[in-house]
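1. Pasting the sequence and the predicted coordinates here, then a few questions.
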Amino acid sequence: MSIIVNLDVVLAKRKMKSIELAKLIGITEQNLSILKTGKAKAIRITTLDAICKHLECQPGEILEYNSRE
């Protein structure tokens with residue numbers, strides 16, 4: 001897929017664990033893991049909004065487009 005999810009990088013920079021973020025945004029750790037590994041087929045805008053709010057980041061820090069893939 002041409003979309004790369006850099007959520008693990010942003011989490012590491014913020015020194016936050018996946019389980020903590022999952023609780024803050026109201027999704028399961030398993031669903032967050034699916035998103036982190038790039039296996040998700042879609043992401044809700046409300047979920048992306050909550051992630052950006054709690055990580056104090058922009059969507060472009062989490063999602064990246066790679067035309068070579």
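-> Right, received. Where do you want to start?

2. residues near the residue nearest to residue 36 when sequence neighbours are not counted, how many?
-> Using Cβ to Cβ, 6 or more residues apart in numbering and skipping residues adjacent in sequence, the residue nearest residue 36 is residue 7, 4.7 Å away. Every C-beta, even on glycine, is put in place using the N, C-alpha and C of the backbone. Residues near residue 7, counting by other Cβ atoms under 10 Å, number 22.

3. Over to residue 33?
-> With other Cβ under 10 Å as criterion, residue 33 counts 16.

4. Check it and give its pLDDT.
-> Looking at residue 33, its pLDDT stands at 95.

5. show me what contacts it?
-> residue 18 (Cβ atoms under 8 Å, 6 or more residues apart in numbering).

6. How about whichever strand or helix holds it, which residues are buried there?
-> Secondary structure assignment for residue 33, by DSSP states H and E: helix 29-36. For helix 29-36, the neighbour count (16 or more other Cβ atoms under 10 Å) marks 32-36 as buried.

7. Output that helix as PDB, nothing but the C-alphas.
-> Taking C-alpha atoms only, helix 29-36 is exported to PDB below (Å, rounded to 0.1, in the frame of the first residue of the first chain):
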ATOM      1  CA  GLU A  29      -5.200  -1.900  21.900                       C
ATOM      2  CA  GLN A  30      -5.600  -4.600  19.200                       C
ATOM      3  CA  ASN A  31      -7.300  -2.100  16.900                       C
ATOM      4  CA  LEU A  32      -4.600   0.400  17.500                       C
ATOM      5  CA  SER A  33      -2.000  -2.300  16.700                       C
ATOM      6  CA  ILE A  34      -3.700  -3.000  13.400                       C
ATOM      7  CA  LEU A  35      -3.500   0.700  12.600                       C
ATOM      8  CA  LYS A  36       0.200   0.900  13.700                       C
END
